[in-house]
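Participant: please work out how this folds:
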Amino acid sequence: MVDVNDDTGGRGYRRVEVLTGPGRRRRWSEEAKAQIVAETLAPGAVIAEV
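Facilitator: This next block holds a predicted model:
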């Protein structure tokens, strides 16, 4: 599958993401995403630990 996003917006740069091997992007359910966001909003939460 080839997924191309050529939206440079005239800024003169491009972001290129190369995924190699059999790995895939994570696919989170809406419920899981909501839980992750809720955890980041907790007082004293450290985003990198969520």
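
Participant: please count neighbours and contacts with C-alpha atoms only from this point.
Facilitator: Noted.

Participant: how far away is Arg26 from Ala32?
Facilitator: Distance, Arg26 to Ala32, by C-alpha to C-alpha, to the nearest Å: 12 Å.

Participant: among these two, which residue is more densely surrounded?
Facilitator: Legend: neighbour count by other C-alpha atoms under 10 Å for Arg26 and Ala32, higher for Ala32 (11 against 6).

Participant: which element is the more buried one on?
Facilitator: For Ala32, the host element (DSSP states H and E) is helix 30-40.

Participant: ok, and what's touching that helix?
Facilitator: For helix 30-40, the surrounding residues in contact (C-alpha atoms under 8 Å, 6 or more residues apart in numbering) are Ala45, Val46, Ile47, Val50.

Participant: what residues are up against the second one?
Facilitator: With C-alpha under 8 Å, 6+ apart as the criterion, the residues that contact Val46 are Thr40.

Participant: one more pass at 10 Å, please.
Facilitator: The neighbourhood of Val46, defined by C-alpha atoms under 10 Å, 6 or more residues apart in numbering, consists of Glu39, Thr40.

Participant: among the contacts of helix 30-40, which one sits closest to Gly12?
Facilitator: Lowest distance from Gly12 to these (C-alpha to C-alpha) belongs to Ile47, with 31.2 Å.

Participant: related to what we said a few turns ago, just give me the closest of the contacts of helix 30-40 to Thr20.
Facilitator: For the contacts of helix 30-40, the nearest to Thr20 is Val50 (26.0 Å; C-alpha to C-alpha).

Participant: that closest one: neighbouring residues, count only.
Facilitator: Neighbour count for Val50, taken as other C-alpha under 10 Å: 11.

Participant: got it, and Ser29?
Facilitator: Residue neighbour count, defined by other C-alpha under 10 Å, stands at 9 for Ser29.
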